[in-house]
Structure formats: C-alpha cells, structure tokens
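Colleague: Fold the following and give me the result.
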Amino acid sequence: MLRAQTLRLDYSTYLGGSGPDHGYGISLGTDGKTYVTGETQSYNFPTENSYQAGYGGNFDGFVSALSSTGSALFYSTYLGGSSGDFGNGISLGTDGKVYVTGEAGSSDFPTENPYQAGSGGIDDAFISILSSTGSGLSYSTYLGGISADYGYGISLGTDGRIYVVGYTGSPNFPTENPYQAGYGGGTYDVFVSALSSTGSALFYSTYLGGSGSDRGYGISLGTDGRAYVTGFTASSDFPTKNPYQAEQRF
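Modeller: Model (predicted):
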C-alpha cells in the first residue's frame, strides 16, 4: 500500500504457496482491512478461518482478508471445485460480507441458494457471497449459457441488488428486461446483469455488443441506480449513444 502524500510504502507482501498465484481484484473495508481475490494453483496457499480449507484442483479461486497493517490474515479461503476456477472482481457490503465474481469451470463449484444451480456449458460466470468472517458462504450461483462466460466486475446498489459485468460467448445467456436481447456476434459480447438482493432472481440482464468481440471488465453504480460499465470492443457497430467518440479509430 502506497501513501500518496509522501509516496511512502506502508506495507507490501507476497501472498501465495508453491504454485502459481495471481491476484486480480481488491477492495477496502471500512474496518481498514484489505480484501483480495484471484486464482491459485497452490495446494498450500495460506488459509485462515476458511470456508474452504482444501485445494479443489486445477485452479481455485481464493479470497483473502488482510489486517489493516498487512501483518496478519483475518481470513483466507479457497473457493473452487475440481476444475479451473478464477476470482476476478470483489466488492464489500456495508455488513462486511464479501461479494465475488469470476469464472467457474468446475461442475462442482460451491453453490448456495443459487439462481442457477448448475453449469450451463463450458465455463460460467459465478457470483458468491462470503460471510464477514470468511468462514461461511451465504450465497453462490452460476450465471451462464452453453458457451464460455466470464464475470469480471461486481458492484452493489444501495437497493441491495448485485450488479455484475463480464463477457459471454453464449447465444443463450440468461436475459431479463434487456436493453439488447440477442447476441451481437463475434467471439464475445459484454453482459451486464443485476440480481435481486437475495440472488433468487434477475432484476435485469442484457447483452451489450456488436458483430465483433466485446468484453466488459469494470462496473460502478450511481446513486440514481444507473450502472456505469467499461471494457473493450472490436466491433465497428458497438452500441453508442450521445458519444464523445462515435467511431473506432483503427
């Protein structure tokens, strides 16, 4: 952690085991703790007060919470099944619960009170909620269709809804009250999905893309409930509205 005023390094640490370990998402709690998600291929990744103490296989997601000083793990857990699973985005609830999204390649990825209980195809996005102590899973679901689907960004609304962005190659990705009901084409389309506060239903879910490859990576919520999304497009016909830049420049 760098302190901007003086460019002082407050702390910096390794976090991993004997295999490849990659951190992808980070969020800060009001309690000063640092929350991280990513992927690990280490059977001996550091765990503490964990929901899942053992390595599931291939790649597992992980979620770790470090103390405000970075000198200790408050909790650290694997999150995955027997195939490849990756944590990409993380967000903190006001109640201390941790909201994670990523990619589940495992047919036995942990689920709890799911909207979608089983894998839809090759890989699915997932949304999981860990308790404030990290030792319990209050909610976990697949979200996807018959092809590859990846969750990358997650944000929480003041209404309690869970908003997720990523990208999908599935022509049957779950949609609800969509802005764009059909798959635009190309390798991937962006998806933007909002789940109810309980996770039992989709408030809305939509494709967002053109005829090329489109990917969604980040999402943030406005106080008015609007979802702000960023990512990448290779589509010359990506949907635009009141644009600063109306066309591709390559």
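Colleague: Please report the number of neighbouring residues for Tyr142.
Modeller: 24 (other Cβ atoms under 10 Å). Every residue, glycine included, has its C-beta placed from N, CA and C.
Colleague: ok, it to Gly121 distance?
Modeller: To Gly121, Tyr142 is 10 Å away according to Cβ to Cβ, to the nearest Å.
Colleague: Identify the residues contacting the most centrally placed residue in the chain.
Modeller: When the chain is reduced to its mean C-alpha position, the nearest residue by Cα atoms, centre = their mean turns out to be Thr101, at 2.2 Å. Residues near Thr101 by Cβ atoms under 8 Å, 6 or more residues apart in numbering: 87-90, 125-128, 151-154, 164, 166.
Colleague: Out of those residues, list just those in strands.
Modeller: Per DSSP state E, strands hold the following members of these: 87-90, 125-128, 151-154, 164, 166.
Colleague: State the three-state secondary structure for the residue nearest to the centre of the chain.
Modeller: Following DSSP: H, G, I helix; E, B strand; the rest coil, we place Thr101 in the strand state.
Colleague: how near is it to Tyr244?
Modeller: As judged by Cβ to Cβ, Thr101 and Tyr244 stand 28 Å apart.
Colleague: wait, doesn't Gly144 sit right on Gln116?
Modeller: Yes - between Gly144 and Gln116 there is a contact at 7.4 Å, judged by Cβ atoms under 8 Å.
Colleague: Flag the shaky bits of this structure, pLDDT-wise.
Modeller: Counting by pLDDT under 70, the chain contains low-confidence ranges at 2-5.
Colleague: Please pick out the residue of it most distant from its centre.
Modeller: Among the C-alpha atoms of the chain, the one most distant from their mean position (Cα atoms, centre = their mean) is that of Thr6, at 32.5 Å.
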